[in-house]
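1. Have a look at this fold, sequence not included:
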(Lines give C-alpha, C1' and ligand atoms only; values in the text may rest on other atoms or scores of the structure.)
Protein backbone atom coordinates (compact mmCIF):
# COMPACT_ATOMS: atom_id res chain seq x y z
CA UNK A 1 0.00 0.00 0.00
CA UNK A 2 2.10 2.86 -1.28
CA UNK A 3 1.67 6.18 -3.05
CA UNK A 4 -0.40 5.93 -6.22
CA UNK A 5 0.90 7.36 -9.51
CA UNK A 6 -1.03 7.05 -12.77
CA UNK A 7 1.01 7.36 -15.97
CA UNK A 8 -0.55 8.37 -19.30
CA UNK A 9 0.63 9.98 -22.54
CA UNK A 10 1.85 13.59 -22.55
CA UNK A 11 -0.36 14.33 -25.56
CA UNK A 12 -2.74 12.54 -27.96
CA UNK A 13 -4.55 13.72 -31.14
CA UNK A 14 -8.03 15.29 -30.80
CA UNK A 15 -9.93 12.14 -31.81
CA UNK A 16 -9.21 9.88 -28.80
CA UNK A 17 -9.39 12.66 -26.20
CA UNK A 18 -12.00 11.87 -23.60
CA UNK A 19 -11.60 8.15 -24.42
CA UNK A 20 -7.99 7.32 -23.50
CA UNK A 21 -8.03 4.52 -20.97
CA UNK A 22 -6.39 6.48 -18.18
CA UNK A 23 -9.94 7.82 -17.79
CA UNK A 24 -11.04 4.48 -16.34
CA UNK A 25 -8.31 4.69 -13.71
CA UNK A 26 -8.93 8.38 -12.95
CA UNK A 27 -12.65 7.58 -12.53
CA UNK A 28 -11.95 4.71 -10.12
CA UNK A 29 -9.46 6.81 -8.15
CA UNK A 30 -11.98 9.67 -7.86
CA UNK A 31 -14.67 7.24 -6.67
CA UNK A 32 -12.29 5.78 -4.09
CA UNK A 33 -11.09 9.09 -2.70
CA UNK A 34 -7.52 7.70 -2.67
CA UNK A 35 -4.91 10.41 -3.34
CA UNK A 36 -2.90 10.06 -6.56
CA UNK A 37 -0.52 11.85 -8.90
CA UNK A 38 -0.48 11.84 -12.71
CA UNK A 39 2.71 11.55 -14.75
CA UNK A 40 3.31 11.58 -18.50
CA UNK A 41 5.32 9.63 -21.07
CA UNK A 42 5.93 10.74 -24.66
CA UNK A 43 3.23 9.75 -27.15
CA UNK A 44 5.48 10.17 -30.18
CA UNK A 45 8.76 8.66 -29.00
CA UNK A 46 8.11 5.65 -26.78
CA UNK A 47 11.21 4.63 -24.86
CA UNK A 48 12.34 1.22 -23.56
CA UNK A 49 11.35 2.35 -20.01
CA UNK A 50 7.80 2.77 -21.30
CA UNK A 51 7.73 -0.80 -22.68
CA UNK A 52 9.15 -2.03 -19.38
CA UNK A 53 5.98 -0.78 -17.65
CA UNK A 54 3.54 -1.47 -20.52
CA UNK A 55 4.82 -4.13 -22.94
CA UNK A 56 2.52 -3.05 -25.81
CA UNK A 57 3.67 0.59 -25.60
CA UNK A 58 0.22 1.77 -24.53
CA UNK A 59 -1.15 3.59 -21.49
CA UNK A 60 -2.13 3.68 -18.68
CA UNK A 61 -0.13 2.03 -15.96
CA UNK A 62 -0.26 2.57 -12.22
CA UNK A 63 2.45 2.40 -9.63
CA UNK A 64 1.45 1.57 -6.07
CA UNK A 65 4.62 2.00 -4.02
CA UNK A 66 7.12 -0.33 -5.71
CA UNK A 67 4.46 -2.32 -7.60
CA UNK A 68 3.84 -1.33 -11.24
CA UNK A 69 0.69 -2.64 -12.95
CA UNK A 70 -0.73 -2.26 -16.48
CA UNK A 71 -4.08 -3.13 -18.16
CA UNK A 72 -7.04 -1.03 -17.08
CA UNK A 73 -8.95 -4.11 -15.86
CA UNK A 74 -6.05 -5.24 -13.69
CA UNK A 75 -5.53 -1.74 -12.30
CA UNK A 76 -9.20 -1.41 -11.39
CA UNK A 77 -9.25 -4.78 -9.62
CA UNK A 78 -6.06 -3.82 -7.78
CA UNK A 79 -7.73 -0.59 -6.63
CA UNK A 80 -10.90 -2.53 -5.82
CA UNK A 81 -8.86 -4.42 -3.25
CA UNK A 82 -7.89 -1.10 -1.65
CA UNK A 83 -11.33 0.56 -1.51
CA UNK A 84 -14.81 -0.60 -0.47
CA UNK A 85 -16.21 2.17 -2.69
CA UNK A 86 -15.01 0.17 -5.71
CA UNK A 87 -15.80 -3.43 -4.78
CA UNK A 88 -17.93 -5.10 -2.11
CA UNK A 89 -16.07 -7.17 0.48
CA UNK A 90 -18.38 -10.19 0.67
CA UNK A 91 -17.58 -13.26 -1.53
CA UNK A 92 -20.84 -13.17 -3.48
CA UNK A 93 -20.53 -9.45 -4.22
CA UNK A 94 -16.92 -9.89 -5.32
CA UNK A 95 -17.85 -12.77 -7.64
CA UNK A 96 -20.51 -10.58 -9.25
CA UNK A 97 -18.06 -7.72 -9.75
CA UNK A 98 -15.51 -10.12 -11.23
CA UNK A 99 -17.88 -11.69 -13.75
CA UNK A 100 -19.27 -8.35 -14.97
CA UNK A 101 -15.86 -6.73 -15.10
CA UNK A 102 -14.67 -9.52 -17.41
CA UNK A 103 -17.95 -9.43 -19.34
CA UNK A 104 -17.33 -5.73 -20.04
CA UNK A 105 -13.83 -6.37 -21.38
CA UNK A 106 -13.83 -9.88 -22.81
CA UNK A 107 -17.43 -10.17 -24.07
CA UNK A 108 -18.66 -6.65 -24.89
CA UNK A 109 -15.40 -4.83 -25.68
CA UNK A 110 -14.03 -7.86 -27.54
CA UNK A 111 -16.95 -7.28 -29.94
CA UNK A 112 -17.04 -3.47 -29.90
CA UNK A 113 -13.31 -2.93 -30.46
CA UNK A 114 -13.13 -4.59 -33.93
CA UNK A 115 -16.49 -2.97 -34.80
CA UNK A 116 -15.14 0.49 -33.97
CA UNK A 117 -11.80 -0.16 -35.74
CA UNK A 118 -13.72 -1.03 -38.93
CA UNK A 119 -15.89 2.10 -38.66
CA UNK A 120 -12.86 4.25 -37.96
CA UNK A 121 -11.22 2.79 -41.09
CA UNK A 122 -14.27 3.43 -43.28
CA UNK A 123 -15.19 -0.27 -43.59
CA UNK A 124 -18.95 -0.01 -43.00
CA UNK A 125 -22.29 -0.40 -44.80
CA UNK A 126 -22.38 -3.46 -47.07
CA UNK A 127 -18.82 -4.64 -46.37
CA UNK A 128 -19.07 -8.32 -45.33
CA UNK A 129 -16.58 -7.84 -42.48
CA UNK A 130 -18.67 -4.99 -41.09
CA UNK A 131 -21.86 -7.06 -41.32
CA UNK A 132 -20.13 -9.83 -39.41
CA UNK A 133 -18.79 -7.60 -36.62
CA UNK A 134 -21.95 -5.52 -36.40
CA UNK A 135 -24.01 -8.67 -35.88
CA UNK A 136 -21.48 -10.03 -33.38
CA UNK A 137 -21.75 -6.84 -31.32
CA UNK A 138 -25.49 -6.31 -31.55
CA UNK A 139 -27.11 -9.76 -31.87
CA UNK A 140 -24.70 -11.57 -29.57
CA UNK A 141 -23.80 -8.91 -27.03
CA UNK A 142 -25.99 -5.77 -26.80
CA UNK A 143 -29.19 -7.77 -27.28
CA UNK A 144 -28.32 -9.65 -24.10
CA UNK A 145 -27.04 -6.62 -22.17
CA UNK A 146 -30.29 -4.75 -22.80
CA UNK A 147 -32.57 -6.83 -20.48
CA UNK A 148 -29.80 -7.02 -17.85
CA UNK A 149 -29.45 -3.23 -17.72
CA UNK A 150 -33.21 -2.68 -17.94
CA UNK A 151 -33.55 -4.64 -14.70
CA UNK A 152 -30.91 -3.09 -12.46
CA UNK A 153 -29.26 0.21 -11.63
CA UNK A 154 -25.71 -1.19 -11.33
CA UNK A 155 -24.30 -4.54 -12.46
CA UNK A 156 -23.33 -5.97 -9.07
CA UNK A 157 -26.02 -4.42 -6.86
CA UNK A 158 -24.03 -1.37 -5.83
CA UNK A 159 -21.80 0.78 -8.05
CA UNK A 160 -18.40 -0.90 -8.61
CA UNK A 161 -15.38 -1.09 -10.91
CA UNK A 162 -17.48 -3.38 -13.14
CA UNK A 163 -19.73 -0.37 -13.89
CA UNK A 164 -16.77 1.87 -14.66
CA UNK A 165 -15.56 -0.60 -17.27
CA UNK A 166 -18.96 -1.52 -18.74
CA UNK A 167 -20.09 2.12 -18.94
CA UNK A 168 -16.82 3.16 -20.56
CA UNK A 169 -17.05 0.35 -23.14
CA UNK A 170 -20.69 1.21 -23.95
CA UNK A 171 -19.84 4.93 -24.11
CA UNK A 172 -17.50 4.34 -27.06
CA UNK A 173 -20.17 2.27 -28.82
CA UNK A 174 -22.56 5.18 -28.28
CA UNK A 175 -20.05 7.59 -29.79
CA UNK A 176 -20.40 5.66 -33.09
CA UNK A 177 -24.19 5.53 -32.61
CA UNK A 178 -24.25 1.82 -31.86
CA UNK A 179 -26.69 2.05 -28.95
CA UNK A 180 -29.56 3.45 -31.05
CA UNK A 181 -31.72 0.33 -30.56
CA UNK A 182 -30.71 -0.27 -26.96
CA UNK A 183 -32.33 2.34 -24.69
CA UNK A 184 -31.49 0.60 -21.41
CA UNK A 185 -27.81 0.49 -22.39
CA UNK A 186 -27.99 4.18 -23.26
CA UNK A 187 -29.73 5.07 -19.98
CA UNK A 188 -27.09 3.13 -18.08
CA UNK A 189 -24.29 5.11 -19.77
CA UNK A 190 -26.13 8.35 -18.92
CA UNK A 191 -26.57 7.20 -15.30
CA UNK A 192 -22.91 6.24 -14.90
CA UNK A 193 -21.48 9.33 -16.59
CA UNK A 194 -23.71 11.60 -14.48
CA UNK A 195 -21.57 10.68 -11.47
CA UNK A 196 -19.34 13.54 -10.27
CA UNK A 197 -16.29 11.24 -10.36
CA UNK A 198 -16.76 10.61 -14.07
CA UNK A 199 -17.12 14.34 -14.76
CA UNK A 200 -13.95 15.08 -12.78
CA UNK A 201 -11.99 12.28 -14.50
CA UNK A 202 -13.16 13.36 -17.95
CA UNK A 203 -12.40 17.05 -17.37
CA UNK A 204 -8.96 16.17 -15.96
CA UNK A 205 -8.09 14.05 -19.00
CA UNK A 206 -9.22 16.76 -21.43
CA UNK A 207 -7.22 19.39 -19.52
CA UNK A 208 -4.14 17.15 -19.35
CA UNK A 209 -3.96 16.72 -23.13
CA UNK A 210 -5.01 20.32 -23.88
CA UNK A 211 -2.15 21.59 -21.71
CA UNK A 212 0.32 19.95 -24.13
CA UNK A 213 -1.08 21.53 -27.32
CA UNK B 1 -15.93 -22.27 -0.16
CA UNK B 2 -18.36 -24.88 -1.42
CA UNK B 3 -18.49 -27.76 -3.87
CA UNK B 4 -17.29 -26.84 -7.34
CA UNK B 5 -19.41 -27.62 -10.40
CA UNK B 6 -18.37 -26.64 -13.92
CA UNK B 7 -21.16 -26.35 -16.51
CA UNK B 8 -20.53 -26.66 -20.24
CA UNK B 9 -22.54 -27.62 -23.33
CA UNK B 10 -23.82 -31.18 -23.76
CA UNK B 11 -22.44 -31.24 -27.31
CA UNK B 12 -20.73 -28.96 -29.83
CA UNK B 13 -19.83 -29.45 -33.53
CA UNK B 14 -16.42 -30.96 -34.41
CA UNK B 15 -14.75 -27.63 -35.25
CA UNK B 16 -14.61 -26.01 -31.76
CA UNK B 17 -13.85 -29.26 -29.89
CA UNK B 18 -10.66 -28.93 -27.93
CA UNK B 19 -11.13 -25.14 -27.87
CA UNK B 20 -14.38 -24.60 -25.92
CA UNK B 21 -13.63 -22.36 -22.97
CA UNK B 22 -14.55 -24.87 -20.31
CA UNK B 23 -11.05 -26.16 -21.11
CA UNK B 24 -9.53 -23.15 -19.35
CA UNK B 25 -11.51 -23.95 -16.22
CA UNK B 26 -10.81 -27.69 -16.38
CA UNK B 27 -7.10 -26.90 -16.76
CA UNK B 28 -7.08 -24.59 -13.75
CA UNK B 29 -9.03 -27.10 -11.66
CA UNK B 30 -6.61 -29.88 -12.59
CA UNK B 31 -3.63 -27.68 -11.67
CA UNK B 32 -5.24 -26.82 -8.33
CA UNK B 33 -6.14 -30.36 -7.36
CA UNK B 34 -9.54 -29.09 -6.14
CA UNK B 35 -12.30 -31.67 -6.65
CA UNK B 36 -15.06 -30.76 -9.11
CA UNK B 37 -18.00 -32.10 -11.08
CA UNK B 38 -19.01 -31.34 -14.68
CA UNK B 39 -22.60 -30.74 -15.74
CA UNK B 40 -24.14 -30.04 -19.14
CA UNK B 41 -26.70 -27.68 -20.67
CA UNK B 42 -28.21 -28.07 -24.14
CA UNK B 43 -26.19 -26.53 -26.99
CA UNK B 44 -29.17 -26.42 -29.36
CA UNK B 45 -32.01 -25.25 -27.13
CA UNK B 46 -30.74 -22.72 -24.60
CA UNK B 47 -33.22 -22.19 -21.77
CA UNK B 48 -33.89 -19.13 -19.58
CA UNK B 49 -32.08 -20.90 -16.70
CA UNK B 50 -28.96 -20.98 -18.90
CA UNK B 51 -29.16 -17.21 -19.51
CA UNK B 52 -29.66 -16.68 -15.78
CA UNK B 53 -26.19 -18.17 -15.21
CA UNK B 54 -24.54 -16.86 -18.40
CA UNK B 55 -26.33 -13.80 -19.85
CA UNK B 56 -24.86 -14.25 -23.36
CA UNK B 57 -26.01 -17.88 -23.58
CA UNK B 58 -22.45 -19.16 -23.69
CA UNK B 59 -20.38 -21.52 -21.53
CA UNK B 60 -18.73 -22.13 -19.13
CA UNK B 61 -19.92 -21.10 -15.74
CA UNK B 62 -18.85 -22.36 -12.33
CA UNK B 63 -20.81 -22.78 -9.14
CA UNK B 64 -18.92 -22.64 -5.86
CA UNK B 65 -21.48 -23.55 -3.21
CA UNK B 66 -24.26 -20.98 -3.69
CA UNK B 67 -22.12 -18.61 -5.78
CA UNK B 68 -22.47 -18.84 -9.58
CA UNK B 69 -19.84 -17.14 -11.73
CA UNK B 70 -19.37 -16.78 -15.51
CA UNK B 71 -16.53 -15.52 -17.80
CA UNK B 72 -13.44 -17.72 -17.95
CA UNK B 73 -11.22 -14.89 -16.67
CA UNK B 74 -13.43 -14.28 -13.64
CA UNK B 75 -13.67 -18.00 -12.90
CA UNK B 76 -9.90 -18.42 -13.03
CA UNK B 77 -9.32 -15.46 -10.70
CA UNK B 78 -11.95 -16.83 -8.34
CA UNK B 79 -10.13 -20.18 -8.32
CA UNK B 80 -6.81 -18.36 -7.95
CA UNK B 81 -8.08 -17.06 -4.64
CA UNK B 82 -8.69 -20.66 -3.55
CA UNK B 83 -5.38 -22.23 -4.60
CA UNK B 84 -1.73 -21.21 -4.28
CA UNK B 85 -1.00 -23.45 -7.28
CA UNK B 86 -2.86 -20.93 -9.45
CA UNK B 87 -1.79 -17.56 -8.06
CA UNK B 88 1.00 -16.40 -5.73
CA UNK B 89 -0.10 -14.93 -2.40
CA UNK B 90 2.26 -11.92 -2.21
CA UNK B 91 1.04 -8.52 -3.48
CA UNK B 92 3.67 -8.13 -6.17
CA UNK B 93 3.09 -11.64 -7.54
CA UNK B 94 -0.68 -11.09 -7.57
CA UNK B 95 -0.29 -7.79 -9.43
CA UNK B 96 1.83 -9.54 -12.07
CA UNK B 97 -0.75 -12.31 -12.49
CA UNK B 98 -3.53 -9.73 -12.77
CA UNK B 99 -1.84 -7.63 -15.45
CA UNK B 100 -0.89 -10.63 -17.61
CA UNK B 101 -4.27 -12.28 -17.17
CA UNK B 102 -5.94 -9.13 -18.52
CA UNK B 103 -3.26 -8.74 -21.20
CA UNK B 104 -4.14 -12.25 -22.43
CA UNK B 105 -7.84 -11.44 -22.68
CA UNK B 106 -8.12 -7.71 -23.33
CA UNK B 107 -4.96 -7.10 -25.40
CA UNK B 108 -4.07 -10.35 -27.18
CA UNK B 109 -7.47 -12.07 -27.45
CA UNK B 110 -9.18 -8.76 -28.26
CA UNK B 111 -6.99 -8.78 -31.39
CA UNK B 112 -7.01 -12.52 -32.14
CA UNK B 113 -10.77 -13.03 -31.83
CA UNK B 114 -11.78 -10.71 -34.73
CA UNK B 115 -8.80 -12.04 -36.73
CA UNK B 116 -9.99 -15.63 -36.29
CA UNK B 117 -13.64 -14.73 -36.98
CA UNK B 118 -12.58 -13.20 -40.32
CA UNK B 119 -10.50 -16.26 -41.23
CA UNK B 120 -13.31 -18.59 -40.22
CA UNK B 121 -15.65 -16.57 -42.49
CA UNK B 122 -13.28 -16.68 -45.46
CA UNK B 123 -12.37 -12.98 -45.24
CA UNK B 124 -8.59 -13.25 -45.72
CA UNK B 125 -5.83 -12.40 -48.19
CA UNK B 126 -6.24 -8.96 -49.75
CA UNK B 127 -9.48 -8.04 -47.94
CA UNK B 128 -8.85 -4.63 -46.29
CA UNK B 129 -10.54 -5.74 -43.05
CA UNK B 130 -8.24 -8.75 -42.86
CA UNK B 131 -5.17 -6.60 -43.45
CA UNK B 132 -6.28 -4.32 -40.65
CA UNK B 133 -6.93 -7.08 -38.12
CA UNK B 134 -3.87 -9.09 -39.14
CA UNK B 135 -1.66 -6.05 -38.54
CA UNK B 136 -3.42 -5.28 -35.25
CA UNK B 137 -2.72 -8.81 -34.02
CA UNK B 138 0.82 -9.18 -35.29
CA UNK B 139 2.39 -5.69 -35.32
CA UNK B 140 0.69 -4.44 -32.17
CA UNK B 141 0.41 -7.58 -30.07
CA UNK B 142 2.50 -10.65 -31.04
CA UNK B 143 5.53 -8.51 -31.92
CA UNK B 144 5.55 -7.31 -28.30
CA UNK B 145 4.72 -10.70 -26.74
CA UNK B 146 7.67 -12.32 -28.54
CA UNK B 147 10.50 -10.67 -26.52
CA UNK B 148 8.51 -11.09 -23.29
CA UNK B 149 8.11 -14.83 -23.83
CA UNK B 150 11.67 -15.24 -25.10
CA UNK B 151 12.87 -13.94 -21.74
CA UNK B 152 10.86 -15.96 -19.24
CA UNK B 153 9.39 -19.41 -18.69
CA UNK B 154 6.07 -18.19 -17.23
CA UNK B 155 4.51 -14.73 -17.27
CA UNK B 156 4.47 -14.02 -13.53
CA UNK B 157 7.60 -15.90 -12.44
CA UNK B 158 5.85 -19.14 -11.55
CA UNK B 159 3.07 -20.87 -13.50
CA UNK B 160 -0.32 -19.21 -12.83
CA UNK B 161 -3.81 -18.64 -14.21
CA UNK B 162 -2.28 -15.92 -16.42
CA UNK B 163 -0.39 -18.65 -18.29
CA UNK B 164 -3.50 -20.78 -18.70
CA UNK B 165 -5.27 -17.87 -20.38
CA UNK B 166 -2.33 -16.59 -22.46
CA UNK B 167 -1.39 -20.08 -23.66
CA UNK B 168 -5.00 -20.88 -24.56
CA UNK B 169 -5.36 -17.60 -26.50
CA UNK B 170 -2.07 -18.19 -28.37
CA UNK B 171 -3.03 -21.82 -29.04
CA UNK B 172 -6.03 -20.72 -31.13
CA UNK B 173 -3.84 -18.27 -33.05
CA UNK B 174 -1.47 -21.16 -33.73
CA UNK B 175 -4.35 -23.28 -35.01
CA UNK B 176 -4.81 -20.74 -37.82
CA UNK B 177 -1.01 -20.62 -38.32
CA UNK B 178 -0.67 -17.11 -36.89
CA UNK B 179 2.43 -17.86 -34.79
CA UNK B 180 4.64 -18.73 -37.80
CA UNK B 181 6.92 -15.71 -37.27
CA UNK B 182 6.89 -15.88 -33.46
CA UNK B 183 8.97 -18.84 -32.26
CA UNK B 184 9.04 -17.79 -28.59
CA UNK B 185 5.22 -17.61 -28.56
CA UNK B 186 5.09 -21.05 -30.17
CA UNK B 187 7.59 -22.52 -27.69
CA UNK B 188 5.56 -21.06 -24.83
CA UNK B 189 2.38 -22.75 -26.09
CA UNK B 190 4.29 -26.03 -26.40
CA UNK B 191 5.67 -25.62 -22.85
CA UNK B 192 2.26 -24.85 -21.36
CA UNK B 193 0.37 -27.58 -23.21
CA UNK B 194 3.01 -30.16 -22.23
CA UNK B 195 1.73 -29.90 -18.64
CA UNK B 196 -0.20 -33.01 -17.52
CA UNK B 197 -3.11 -30.82 -16.36
CA UNK B 198 -3.60 -29.46 -19.88
CA UNK B 199 -3.51 -32.98 -21.36
CA UNK B 200 -6.10 -34.16 -18.83
CA UNK B 201 -8.36 -31.13 -19.39
CA UNK B 202 -8.14 -31.47 -23.18
CA UNK B 203 -8.82 -35.22 -23.16
CA UNK B 204 -11.75 -34.74 -20.77
CA UNK B 205 -13.32 -32.08 -23.00
CA UNK B 206 -12.91 -34.24 -26.12
CA UNK B 207 -14.42 -37.24 -24.33
CA UNK B 208 -17.30 -35.16 -22.95
CA UNK B 209 -18.43 -34.00 -26.39
CA UNK B 210 -17.70 -37.34 -28.08
CA UNK B 211 -19.95 -39.08 -25.56
CA UNK B 212 -22.91 -37.06 -26.90
CA UNK B 213 -22.40 -37.94 -30.59
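-> Yes, it's here. The model shown is predicted, which means the values in this text are computed figures rather than measured ones.

2. Now do the contacts for residue A:145.
-> Taking Cβ atoms under 8 Å, 6 or more residues apart in numbering or on different chains, we find residue A:145 in contact with A:108, A:170, A:182, A:184-185, B:55. (Glycine included, C-beta is placed from N, CA and C.)

3. Tell me the one among the residues you listed nearest to residue B:209.
-> Ranked by distance to residue B:209 (Cβ to Cβ), these are led by residue B:55 at 23.5 Å.

4. Confirm that the closest one sits in a strand.
-> No: according to DSSP: H, G, I helix; E, B strand; the rest coil, residue B:55 belongs to no strand; its state is coil.

5. Run a quick neighbour tally on it.
-> Close neighbours of residue B:55, defined as other Cβ atoms under 10 Å in any protein chain shown, add up to 18.

6. for residue A:152, same thing?
-> 11.

7. give me the low-pLDDT residue ranges for chain A?
-> A:1 (pLDDT under 70).

8. Among the contacts of residue A:145, which lie within helices?
-> A:170, A:184-185 (DSSP state H).

9. Make a markdown table out of these and add distance to residue A:157 and neighbour count.
-> Formatted as a markdown table, those follow (distance: Cβ to Cβ, whole Å; neighbours: other Cβ atoms under 10 Å in any protein chain shown):
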| residue | distance to residue A:157 | neighbour count |
| --- | --- | --- |
| A:170 | 19 | 26 |
| A:184 | 17 | 17 |
| A:185 | 19 | 25 |
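
10. Same question for stretch A:187-197: list its buried residues.
-> Buried residues in stretch A:187-197, counted by 16 or more other Cβ atoms under 10 Å in any protein chain shown: A:188-189, A:192-193, A:195, A:197.

11. Show me how the record splits chain A into domains.
-> A:4-85+A:197-210, A:91-195 (automatic domain parsing).

12. distance between the ends of the last one?
-> Right, the one you point to is domain A:91-195. 26 Å (Cα to Cα, to the nearest Å).

13. ok, now stretch A:16-23?
-> 11 Å.

14. does chain B sit close to that stretch?
-> No: Stretch A:16-23 is not in contact with chain B by Cβ under 8 Å from any Cβ of the partner chain; minimum separation 10.0 Å.

15. Run through who's touching that stretch.
-> By Cβ under 8 Å, 6+ apart, stretch A:16-23 touches A:6, A:8-9, A:12, A:38, A:58-60, A:72, A:168, A:171-172, A:175, A:201-202, A:205-206, A:209-210.

16. Strands of chain A, start to end?
-> Secondary structure of chain A (DSSP state E): strands at A:4-9, A:36-41, A:61-64, A:67-70.

17. which stretch among those strands comes nearest residue B:25?
-> strand A:67-70 (24.7 Å).

18. to the chain's geometric centre, what's the distance from that closest one?
-> 17 Å (Cα atoms, centre = their mean, to the nearest Å).

19. Contacts for it next, please.
-> Taking Cβ under 8 Å, 6+ apart as the rule, strand A:67-70 contacts A:2, A:53-55, A:58, A:60-63, A:75, A:78, B:91-92, B:95, B:98-99, B:103.

20. next one: stretch A:133-140
-> A:111-112, A:114-115, A:118, A:173, A:178, A:181, B:56, B:114, B:117.

21. tell me which residues in that stretch are buried?
-> Within stretch A:133-140, the residues that count as buried by 16+ other Cβ under 10 Å are A:133-134, A:136-138.

22. Could you list which of these belong to helices?
-> Going by DSSP H, the helices hold A:133-134, A:136-137 from these.

23. Greatest separation within those residues: which pair is it?
-> Using Cβ to Cβ, the two most remote members of those are A:134 and A:136, lying 7.3 Å apart.

24. Would you state the helices of chain A in chain order?
-> A:22-32, A:48-53, A:72-80, A:91-102, A:110-120, A:128-137, A:143-150, A:161-175, A:183-193, A:196-210.

25. which helices and strands does the third one pack with?
-> Judged by 3 or more Cβ pairs under 8 Å, 6 or more residues apart in numbering or on different chains; DSSP states H and E, helix A:72-80 is in contact with helix A:22-32, strand A:61-64, helix A:91-102, helix A:161-175, helix B:91-102.

26. Report the inter-axis angle for that helix versus helix B:91-102.
-> Counting by axes from the mean of the first three to the mean of the last three Cα atoms, to 10 degrees, helix A:72-80 lies at 150 degrees to helix B:91-102.

27. repeat for the last one
-> Direction vectors for helix A:196-210 and helix B:91-102, defined by the same axes, to 10 degrees, enclose an angle of 80 degrees.

28. repeat for the first one
-> Following the same axes, to 10 degrees, one obtains 130 degrees for the angle between helix A:22-32 and helix B:91-102.

29. Helix A:22-32 versus strand A:4-9: what angle between them?
-> Relative orientation of helix A:22-32 and strand A:4-9, computed by the same axes, to 10 degrees: 160 degrees.

30. quick one: helix A:22-32 to strand A:36-41, angle?
-> Using the same axes, to 10 degrees: helix A:22-32 against strand A:36-41 is 170 degrees.

31. angle of helix A:22-32 against helix A:183-193?
-> Using the same axes, to 10 degrees, helix A:22-32 lies at 60 degrees relative to helix A:183-193.

32. mind checking how far helix A:22-32 is from the chain centre?
-> 10 Å.

33. before we move on, what about stretch A:9-25?
-> Centre-to-centre, stretch A:9-25 and its host chain are 11 Å apart (Cα atoms, centre = their mean).

34. what's the span of that stretch, first residue to last?
-> For stretch A:9-25, the first-to-last residue distance is 14 Å (Cα to Cα).

35. Check stretch A:60-77 too.
-> Stretch A:60-77 has an end-to-end distance of 14 Å (Cα to Cα).

36. can you check stretch A:71-90 too?
-> Terminal-residue distance, stretch A:71-90 (Cα to Cα): 25 Å.
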